[in-house]
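Colleague: Predicted model and sequence below, questions to follow.
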Amino acid sequence: MGFLSRKTKNRPVTVEEAHPIFEELERMEEAVPERPAASETPVEESEHPPAGPLAEGEGAQRAESSSPPRASAPAATETDGASAGVALEEEVADGPARFMPRDLIAPSRHEGAVEEPAAEAAVGHPDVIAFANQKGGVAKTTTTLNLAVAFAESGYRVLCIDLDPQGNLTMSQGIDPDKVEKSLYDVLVNDMPISEIIVRREIDIAVASIDLAGAEIAMSTKIGRERTLQKALKQVSADYDFVCIDTPPSLGLLTINALTAANKVIVPVQCEYLSMRGLVQLQNTLKMIQENLNPEVKIEGILPTMLDTRTVHAKEAVEILEENFGDLVFKSRIRKAIKFAEAPVKGSSVLKYDSGSSAANYYRELAKEVLANESS
Ligand SMILES: Nc1ncnc2c1ncn2[C@@H]1O[C@H](COP(=O)(O)OP(=O)(O)O)[C@@H](O)[C@H]1O
Ligand SMILES: [Mg+2]
């Protein structure tokens, strides 16, 4: 905790140490020569037409199942990614060894952001949000489920993906990962269509099973292993407005798959055990992914969770977070509440478990903030 100290306002966070993931990704680059270079990636991204994969394949069977389509899909702007790619290239050309947290922010959150005509680009492209933090116990799973259900309450079609071998998200919808026959393991390792492992609960959920723990090793020799989830999602991309991906507490291949498939990342941070060092490491990984695999992905926001507003320490922790990460910190706050521990035992979200509770409203507020960022 000594690392947590007040910093001068607007002082950038320095990238101090090499992350092992850099070496790992470099090795992946060498091992998979056909992967396009960073500058080519946007071309590949724009190649697939919005509803193409669904029309071709098994995705058609999903059409009968989902909730009714919304009149207007959320605006996932392809242009955002392109402009961010340019910004990063310029930075590399100038050669600074540091980057600012602001460089990773979704352009829609920048002050004075130019309004872009996003509606037509959004057709058939769900917003894919990865919930990531390599620390465990920071409310990744709780946030994935409850934000997803808050989107669903507002009429959006939502798919959750449980990419954590512990299967907590799967369990928190009342499904036993030990009894699951087909899971994300089959999708990632055996190329099973993702529609075959989706179970309908409060939201649709692509389930985890215990053998997902072996997926990283089983995928390690696979060509295009970092893009496996991204490819699997194309089959159902026209069926959903939001895809919310829960990730394990590590920055391994499963999390890399989530960040490669995503266009947004939400980083839950438990304010009592706040670690800036861990966040910088996550930013390094994300930057590597932006440069090598997915120029579109941006941090949508850092979310203070399990906040105990009665303590001075918690207030200070949030202030430090805001001083260091500015715009990146959500305005929404998720306060501590026992209901968050109780709801998963009943196999439900807090929004269903106690719909009128303030705990449920924390995530409704967060959903509003995400949706407002989207339309700005
Ligand atoms: N706002 C909160 N208040 C109290 N407990 C919480 C809150 N959010 C999450 N929890 C509890 O904290 C534990 C860890 O949360 P979880 O979402 O599983 O974290 P992670 O997925 O990051 O490991 C769980 O038991 C969960 O019920
Ligand atoms: Mg979890």
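Modeller: Structure received. Numbering: from 1, shown residues only. Ligands and ions are numbered 1, 2, ... in the order given.
Colleague: Assign a three-state SS to residue 160, would you?
Modeller: Assigned with DSSP: H, G, I helix; E, B strand; the rest coil, residue 160 falls in the strand class.
Colleague: who's in contact with it?
Modeller: By Cβ atoms under 8 Å, 6 or more residues apart in numbering, the contact set of residue 160 is 144-145, 148, 169, 173, 203-206, 243-246. Using the backbone N, CA and C atoms, a C-beta is placed for each residue, glycine as well.
Colleague: one more time with 10 Å
Modeller: Contacts for residue 160 (Cβ atoms under 10 Å, 6 or more residues apart in numbering) come out as 131, 141, 144-145, 147-149, 152, 169-170, 172-173, 198-199, 201-207, 240, 242-246.
Colleague: Roughly how far does it sit from ligand 2?
Modeller: Residue 160 is 12 Å from ligand 2, where distance means Cβ to the ion, to the nearest Å.
Colleague: May I have the beta-bridge partners of that residue?
Modeller: When assigned by DSSP bridges, residue 160 has beta-bridge partners residue 205, residue 244.
Colleague: Against residue 283, how distant is it?
Modeller: Distance of residue 160 to residue 283, computed by Cβ to Cβ, to the nearest Å: 25 Å.
Colleague: With residue 259 instead?
Modeller: Taking Cβ to Cβ, one finds residue 259 at 11 Å from residue 283.
Colleague: Pick out whichever of these two has more residues nearby.
Modeller: Applying other Cβ atoms under 10 Å to residue 259 and residue 283 shows that residue 259 carries more neighbours, namely 26 against 23.
Colleague: Show the residue spans covered by the helices in the stretch 151-300 of the chain.
Modeller: In the stretch 151-300 of the chain, the segments counted as helices under DSSP state H, counting those that start in this stretch are 168-171, 184-190, 215-219, 228-234, 253-261, 276-292.
Colleague: Contacts made by the shortest one with the rest, please.
Modeller: What it means is helix 168-171. Outside of helix 168-171, the residues within contact range by Cβ under 10 Å, 6+ apart are 131, 140-142, 144-145, 148, 160-164, 175-178, 180, 183-184, 199, 201, 205-209, 212, 244-246, 248, 344-345, 347.
Colleague: low-scoring pLDDT stretches of the stretch 201-350 of the chain, where are they?
Modeller: 273-275 (pLDDT under 70).
Colleague: run the last query once more with 80
Modeller: 272-277 (pLDDT under 80).
Colleague: all strands of it, in order?
Modeller: 204-206, 242-246, 264-270, 298-305 (DSSP state E, counting those that start in this stretch).
Colleague: who are the neighbours of the third one, in terms of helices and strands?
Modeller: Using 3 or more Cβ pairs under 10 Å, 6 or more residues apart in numbering; DSSP states H and E as the contact criterion, the neighbours of strand 264-270 among helices and strands are strand 127-131, helix 140-153, strand 242-246, helix 276-292, strand 298-305, helix 312-325, helix 358-375.
Colleague: Next, the angle helix 312-325 makes with the fourth one.
Modeller: Yep, that's helix 276-292 we're talking about. 30 degrees (axes from the mean of the first three to the mean of the last three Cα atoms, to 10 degrees).
Colleague: Buried ones in helix 276-292, by neighbour count?
Modeller: The neighbour-count check on helix 276-292 (16 or more other Cβ atoms under 10 Å) flags 276, 278-292 as buried.
Colleague: same check, this time on the last one
Modeller: Neighbour-count burial for helix 358-375, with 16+ other Cβ under 10 Å as criterion, is recorded at 359-360, 362-367, 369-371, 373-374.
Colleague: Now it - C-alpha only, PDB.
Modeller: What follows is helix 358-375, C-alpha atoms only, in PDB (Å, rounded to 0.1, in the frame of the first residue of the first chain):
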ATOM      1  CA  SER A 358     -30.000   0.900  -3.500                       C
ATOM      2  CA  ALA A 359     -27.500  -1.900  -4.400                       C
ATOM      3  CA  ALA A 360     -29.500  -2.600  -7.600                       C
ATOM      4  CA  ASN A 361     -29.600   1.100  -8.300                       C
ATOM      5  CA  TYR A 362     -25.800   1.500  -8.200                       C
ATOM      6  CA  TYR A 363     -25.700  -0.700 -11.400                       C
ATOM      7  CA  ARG A 364     -28.700   1.000 -13.000                       C
ATOM      8  CA  GLU A 365     -26.800   4.300 -12.500                       C
ATOM      9  CA  LEU A 366     -23.700   2.800 -14.100                       C
ATOM     10  CA  ALA A 367     -25.700   1.500 -17.000                       C
ATOM     11  CA  LYS A 368     -27.000   5.000 -17.600                       C
ATOM     12  CA  GLU A 369     -23.500   6.400 -17.500                       C
ATOM     13  CA  VAL A 370     -22.200   3.900 -20.000                       C
ATOM     14  CA  LEU A 371     -25.200   4.500 -22.300                       C
ATOM     15  CA  ALA A 372     -24.800   8.300 -22.000                       C
ATOM     16  CA  ASN A 373     -21.100   8.000 -23.000                       C
ATOM     17  CA  GLU A 374     -22.100   6.000 -25.900                       C
ATOM     18  CA  SER A 375     -24.500   8.600 -27.300                       C
END
